[in-house]
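Novice: Just the structure for this:
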Amino acid sequence: MNSQDVKNAISGALVVDKPVGMTSHDVVQAIRNGTGLRRAGHTGTLDPRASGVLVILVGPAVRLSEYVSASDKRYQAIIRLGGSTDTFDAEGKVTLSKDPLTVTEAQFEEALKSFVGEIEQTPPPYSAVKVQGRKAYEMARKGEEVDLEPRKITVHHLEVLEWAPPEVVIDVHCSSGTYVRSLANDLGEKLGCGAYLVGLRRTKSGRFSLRDATPLRKLQEAFTAGNWYQYLIPAAEALGDWSAIELSPDEVEGVRHGHRVKAAADAEVGKRVRGVSTQGELVALMECMVVEDGSLMWQPKKVFFTNDA
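Specialist: Numbering: from 1, shown residues only. All right, here's what the predicted structure looks like:
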């Protein structure tokens, strides 16, 4: 197998502990440069001012992006009470200043409760959301009015970790697409004293937590040493929170040609699973469906070909 074949066979996830100051694209570029792989992409932007878990998919595993991106996220957020800014974070221009010391911890926790569950959230004006093909932050920087539509998000859990006014540290467990900056701003409005985000660390993305993450500096050392493969997580594990069904060699061959596989009688219609080979290699993402004769089958939705296919 030549070096190009080896590169084509590499598929999986690198879980990076992103440092503050880099964009998510900067990290992807560092991974491309270090691995020599052209196919690499992140699974959910992490703001340059934020640090923490950034999942980078490499090789054919980039095709898992839409599924990994949709996973829940978890953050530790530092919120400062007593002011508002036009960017909803410490980088912006102060638009309101009030005394935060009138807010008690009990009042703050009560306000938090109203943001748990499925809620509508308006993204910050300084965000990458597109308005008629233009990024909102580009419009906002030019002083243009940015009118963003609210969107439905789910906040699973909010908890105060540290109460040290004017700063409060909270744990945020939320759906993909949630803006913690907007959450801070909305909290400030509800409390009447204003609030904005001063620090953000992503502690979990899907099934990957900080325990799985490698500091970028350490990864770059491994690129130089040539032993970075030790940090590569197999593609089949990138969706480790999905159930898996093991496919026989004959079934693997059939699935690779789009053929269905018989499902158990108690399988749940609409459920999605990973189809893996007996060696644990990801073969396909599959969905349970009812076919013409009323039986249940696993339908391949996205098939992954390996180099020996």
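Novice: Pull up the gap between residue 105 and residue 96, please.
Specialist: Distance of residue 105 to residue 96, computed by C-beta to C-beta, to the nearest Å: 22 Å. C-beta here means a position set from N, CA and C on the backbone, and glycine is covered the same way.
Novice: who's more crowded, the two?
Specialist: Taking other C-beta atoms under 10 Å, residue 105 and residue 96 do not tie; residue 96 has more neighbours (14 against 11).
Novice: so what's that one scoring on pLDDT?
Specialist: pLDDT, residue 96: 83.
Novice: if I pick it, what's in contact with it?
Specialist: Residue 96 makes contact with 83-84, 194 under the criterion C-beta atoms under 8 Å, 6 or more residues apart in numbering.
Novice: does residue 171 count as helix, strand or coil?
Specialist: Judged by DSSP: H, G, I helix; E, B strand; the rest coil, the three-state class of residue 171 is strand.
Novice: Next, residue 176: phi, psi?
Specialist: phi -60, psi 140 (degrees, to the nearest 10).
Novice: For residue 66, state which of the contacts of residue 96 is nearest.
Specialist: For the contacts of residue 96, the minimum distance to residue 66 (C-beta to C-beta) is 34.7 Å, reached by residue 84.
Novice: Give me the packing partners of the helix or strand hosting the closest one, helices and strands only.
Specialist: Using DSSP states H and E, residue 84 sits in strand 83-85. Secondary-structure packing of strand 83-85 (3 or more C-beta pairs under 8 Å, 6 or more residues apart in numbering; DSSP states H and E): strand 94-97, helix 180-191, strand 195-205.
Novice: Next secondary structure after the helix or strand harbouring residue 15?
Specialist: Using DSSP H and E, residue 15 maps to strand 12-18. Beyond strand 12-18 in the direction of the C-terminus, DSSP H and E gives the next helix or strand as helix 24-35.
Novice: how about that following helix: buried residues?
Specialist: Neighbour counts over helix 24-35 (16 or more other C-beta atoms under 10 Å) mark 24, 27-28, 30-32, 34-35 as buried.
Novice: ok, which stretches of the stretch 101-250 of the chain are helices?
Specialist: With DSSP state H, counting those that start in this stretch applied, the stretch 101-250 of the chain shows helices at 105-113, 136-141, 180-191, 216-225, 235-238, 249-255, listed in chain order.
Novice: Same list (those helices) but as a markdown table, adding mean pLDDT and distance to residue 43.
Specialist: Shown next, in a markdown table, are these (pLDDT from 0 to 100; distance: least, C-beta to C-beta, whole Å):
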| stretch | mean pLDDT | distance to residue 43 |
| --- | --- | --- |
| helix 105-113 | 97 | 28 |
| helix 136-141 | 60 | 21 |
| helix 180-191 | 96 | 17 |
| helix 216-225 | 96 | 16 |
| helix 235-238 | 85 | 9 |
| helix 249-255 | 94 | 24 |
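Novice: mind giving me a markdown table with those and columns for distance to residue 54?
Specialist: Rendered in a markdown table, the data for the helices of the stretch 101-250 of the chain read as follows (distance: least, C-beta to C-beta, whole Å):
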| stretch | distance to residue 54 |
| --- | --- |
| helix 105-113 | 26 |
| helix 136-141 | 20 |
| helix 180-191 | 15 |
| helix 216-225 | 9 |
| helix 235-238 | 13 |
| helix 249-255 | 31 |
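Novice: what's the closest of the ones you listed to residue 46?
Specialist: Residue 46 lies closest to helix 180-191 among the helices of the stretch 101-250 of the chain, at 10.9 Å (C-beta to C-beta).
Novice: Output the contacting helices and strands for that closest one.
Specialist: Judged by 3+ C-beta pairs under 8 Å, 6+ apart, helix 180-191 is in contact with strand 73-81, strand 83-85, helix 105-113, strand 117-121, strand 167-174, strand 195-205.
Novice: so which of those comes closest to residue 240?
Specialist: Nearest of the helices and strands packed on helix 180-191 (C-beta to C-beta): strand 195-205, 12.3 Å.
Novice: So residue 289 sits against residue 267, correct?
Specialist: No - Residue 289 is not in contact with residue 267 according to C-beta atoms under 8 Å; the separation is 9.6 Å.
Novice: Spit out the residues that contact those two alike.
Specialist: The contact sets of residue 289 and residue 267 overlap at 296, 298 (C-beta under 8 Å, 6+ apart).
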